[in-house]
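K.L.:
pasting the structure only:
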């Protein structure tokens, strides 16, 4: 499965406070947990960090616990189970083009 996580910065803390908290909980080495693949990790200015992980569903609970252990106090978190639609979209475009005579 894919899991998209919004890590919204706690704007009551400056970057030094956030860095110190993340260092104290070993954020950079402990997240994401083993068995998860980082698909993307971007910064959206005004929002925070947006992380998309690929993981087996059995690790969903592990990801949740690690976020509770490591991210709380620095980030507010939002979770969105997602899936890769690209191949399906390509197929749907081909089918639509065939039906409408564009393909």
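P.N.:
Now that the structure is in, tell me what you want to look at. Small disclaimer: the values here were computed from a predicted structure and weren't measured. Numbers count the residues shown, from 1 in each chain.

K.L.:
Which other helices and strands does the lengthiest helix in the chain contact?
P.N.:
Using DSSP state H, we find that the single longest helix of the chain is helix 86-100. When contacts are defined as 3 or more CB pairs under 8 Å, 6 or more residues apart in numbering; DSSP states H and E, helix 86-100 packs onto no helix or strand at all. (Each C-beta comes from the backbone N, C-alpha and C, glycine too.)

K.L.:
Now do the residue nearest to residue 27 when sequence neighbours are not counted, the pLDDT please.
P.N.:
Spatially, and ignoring its direct neighbours in sequence, residue 27 is nearest to residue 70 (4.9 Å; CB to CB, 6 or more residues apart in numbering). Listed pLDDT for residue 70 reads 96.

K.L.:
what does residue 43 give?
P.N.:
At residue 43, the pLDDT recorded in the model is 97.

K.L.:
looking at it, it is touching residue 49, isn't it?
P.N.:
Yes - shown here, residue 43 and residue 49 form a contact pair, counting by CB atoms under 8 Å, at 5.6 Å.

K.L.:
who has more neighbours, those two?
P.N.:
residue 49 (15 against 11; other CB atoms under 10 Å).

K.L.:
Please name the residues that touch that one.
P.N.:
By CB atoms under 8 Å, 6 or more residues apart in numbering, the contact list for residue 49 reads 6-7, 9, 41-43, 75.

K.L.:
With that, I have no additional questions.
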